[in-house]
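[1] Build me a model:
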Amino acid sequence: MNTPCPDPFFTPDPQAAAASRVVDFARWSARHRGVAVDSDYASLHLWSVTDLEGFWSAVWEYFDVDADTPYERVLEEERMPGAVWFPGATLNYAHHALRNLGDDDTAIVALDETGAGYEVTGERLRAQVASVAATLRDLGVGKGDRVVGYLPNTPHAIIAFLAAAGLGAVWSVCGQDYAPRAAADRFAQLEPTVLIAADGYLFNGATHDRRDAVLELATALPTLKATLLVGHVGLPWSSHAYRSSVVPWEDAATRTEQLAFTAVPFDHPLWVVFSSGTTGPPKGIVHGHGGVLLEHLKTLGLHSDLGPGDRLLWYTTTHWMMWNLIASTLLTGATTCTYDGSPAPFTRPDVLWELAARHRVTVFGTSPQYLLGMAKFGIDPSVHDLSSIRVVGCTGSALPASAYRWVRDHVGGHVLLASISGGTDIVSGFAGSAPNTPVWAGELSAPHLGVALVAYDPEGVPVVDRVGELVVTRPLPSMPLYFWNDPDGIRYRDAYFSSYPGVWRHGDWITLTSHGSVIVHGRSDSTLNRNGVRLGSADIHDVVERLPEITEALVIGAEEPDGGYWMPLFVVLSAGTELDDVLRDRIRDAIRTGVSPRHVPDEILEVPAIPHTRTGKKLEVPVKRLLQGAPPEQVVNPAAVDAPELIAHFVRLGADRRGSRSAGQV
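    Numbers count the residues shown, from 1 in each chain. Now for the predicted structure:
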């Protein structure tokens, strides 16, 4: 049943919308494709999901994709998984990232939490990419080899990535707040040829020395031929002997070399991004040169309206998919900003807004928890001149309606608040906003162009104005090529296509409204999603369960009605052990050093046992839903649980938690 359409919270300025790239693209498509698309978003989206070949070939031509050899057709066979896009085409992502920058244009602005910064021009970026690529080539890196980075979000990471991509090598990167073992769990799967690592990073006023961690990681990667050492925070490298050769970044990046690119097939692997490892070792998700190129041109060029003269600052770590998008900002000819540090350091909690004002940022990106934190602690960004910001992007979890009002009142009434829902899986968004879409508070304006987004009920029937599973019914070019070390594709099909064969199930609860917007209700699986960064429960369980005082552990992340996020850790204690403050500190320290500070839970609670399925799998999703207040009979079948009496225990915990919050005690 359709419900009355509420008035939008925000309506774009008609003149600004008419001047946007997405409207220009619609007009271009009408002229060059002869399709009946108006400048309104709805008609453009309808065409984009009903004529996949027409839409994606239009994106190709509109953004002037430069292929070494042309494609034979757009979509060889429409199937999921396994759609083959643009067969015959050869190209290179790195070529497109570097071609639109003039020598004197600012390509990258490097920023950190102290407020310091420096600029990298187009000429300097190309020279450093050429130099690092030549160094990698001399170290034996070629097409298909893997280059991995253990790096903070600085220009070094983008330069190294583009150098590897230019050679046709495969890139993967992890932030240095990950412990060496956690990083090795990811990188060792790839059997990398070269590791590129920094001496440390900044966070909350402290310099974190990672030199010993780099040595430990390099030792855990036996296939390395060399390690490139980046002196980011100015710490002298120790004289420890590495098993592979060592090259200082200064030597690797200062050679005078000719920039060249290896043409690769459209679906040649570009990078491997990793799942959060909820149920085991992190899965390596492989994306291709061409699919990422087209998807990011569409997302950044049309939805974010980025082009020459624009500047994007999006807070991210290198192991979150948003890092991949900030690197891709260069595809549009816009300037990207890297940032090393805490998003809200103790001494300068509004530093990101300060930097956005100083550097005239036009697109500012963050997470819901950051915006909610700004509001909670009374920080007012409007003390800075934020007139250059036209879009505030927000992703990582559902954004409550209160944050929309806060952005309007404290950033600017002219600003489009673009809440986005996407995933590492497609390294882009499923739904969000565009310059010509209205915004309803607490809602995402519309499905993204090219995304055939549907909400399914449990029987696989599309529903509107009702909660359902987020599914995508037609393929996207940036869907994974495959999972690493999954030659028969079983894990890949299992991850997305086991519930509805031939249809992508993402694992989010959504409502598609009758006025065209999308409401995201949170994860329907067990992936932790804290402050916009997806975390793996398996990483936490592994560290905690190695402590002699702990026999078993379970961590969950629960979205709360006020927009908060609660991440408790439940532990079963060894006989004779007490959960006192000393043990809690030991657990937190083990997680902080063994995985990362981001994985430290909000609370540590003792439970008599952890519930499992009869086959021994921890009931992560059911426990989460019980704590959120879902009726037990809708969550879990007691007959399928090894200790059904525990269901009542977690129901009580959830009720006590909600009662405390409503009474203002939490």
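[2] Look up how far Phe261 lies from Ile196.
    19 Å (Cβ to Cβ, to the nearest Å). All C-beta spots, glycine's among them, are computed from the backbone N, C-alpha and C.
[3] Same check on His359?
    Taken as Cβ to Cβ, the span from His359 to Phe261 is 30 Å.
[4] More neighbours: these two, which one.
    Comparing His359 with Phe261 by other Cβ atoms under 10 Å, the one with more neighbours is Phe261, at 21 against 18.
[5] In this structure the more buried one contacts His95, no?
    Yes: the criterion here is Cβ atoms under 8 Å, and Phe261 meets it with His95 at 4.4 Å.
[6] For the protein, name the helix or strand with the lowest mean pLDDT.
    Ranking every helix and strand in the chain by mean pLDDT, DSSP states H and E puts strand 533-535 at the bottom, with a mean of 68.
[7] Check which element follows it along the chain.
    helix 537-544 (DSSP states H and E).
[8] which residues touch the following helix or strand past that following helix?
    Following helix 537-544 in sequence order, the next helix or strand is strand 550-555 (DSSP H and E). With Cβ atoms under 8 Å, 6 or more residues apart in numbering as the test, strand 550-555 has contacts from 528, 537, 540-541, 544-545, 567-574, 587, 601, 607, 609-610, 618, 620, 623.
[9] Neighbouring strands of the helix or strand that strand 550-555 is followed by in the sheet, and parallel or not?
    Using DSSP H and E, the helix or strand that follows strand 550-555 towards the C-terminus is strand 558-559. Here strand 558-559 has these sheet partners by DSSP bridges: strand 565-566 (antiparallel).
[10] I'd like the mean pLDDT over the partner strand, please.
    In this model, strand 565-566 has an average pLDDT of 89.
[11] Next: stretch 271-284.
    76.
[12] Quick check: end-to-end length of it?
    From its first residue to its last, stretch 271-284 covers 9 Å (Cα to Cα, to the nearest Å).
[13] Dump stretch 59-75 to CSV, keeping only the CA atoms.
    Taking C-alpha atoms only, stretch 59-75 is exported to CSV below (Å, rounded to 0.1, in the frame of the first residue of the first chain):
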residue,chain,number,x,y,z
VAL,A,59,29.1,6.4,-19.4
TRP,A,60,32.1,5.1,-21.5
GLU,A,61,31.6,7.7,-24.2
TYR,A,62,30.6,10.6,-22.0
PHE,A,63,33.7,10.3,-19.9
ASP,A,64,35.9,9.5,-23.0
VAL,A,65,37.3,6.2,-21.8
ASP,A,66,40.6,5.7,-23.7
ALA,A,67,40.9,2.1,-24.7
ASP,A,68,44.0,0.7,-26.4
THR,A,69,41.7,-1.7,-28.2
PRO,A,70,38.0,-1.2,-28.6
TYR,A,71,35.3,-3.4,-27.0
GLU,A,72,33.3,-5.9,-29.2
ARG,A,73,30.1,-5.3,-27.3
VAL,A,74,29.0,-3.9,-23.9
LEU,A,75,27.6,-7.0,-22.2
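[14] Please list the residues outside that stretch that contact it.
    25, 28-29, 32, 52-53, 56-57, 83-92, 95-96, 99, 263, 266, 293-294, 297-298, 301, 450, 475.
[15] cutoff 7 Å now
    For stretch 59-75, contacts defined as Cβ atoms under 7 Å, 6 or more residues apart in numbering pick out 25, 28, 52-53, 56-57, 83, 85-91, 95-96, 263, 293-294, 297-298, 301.
[16] Geometric centre of this protein: which residue is closest?
    Met321 (2.6 Å; Cα atoms, centre = their mean).
[17] For that one, give me its contacts.
    Val273, Thr424, Val427 are the contacts of Met321 under Cβ under 7 Å, 6+ apart.
[18] What of His319?
    Contacts of His319 (Cβ under 7 Å, 6+ apart): Val173, Cys174, Gly175, Tyr178.
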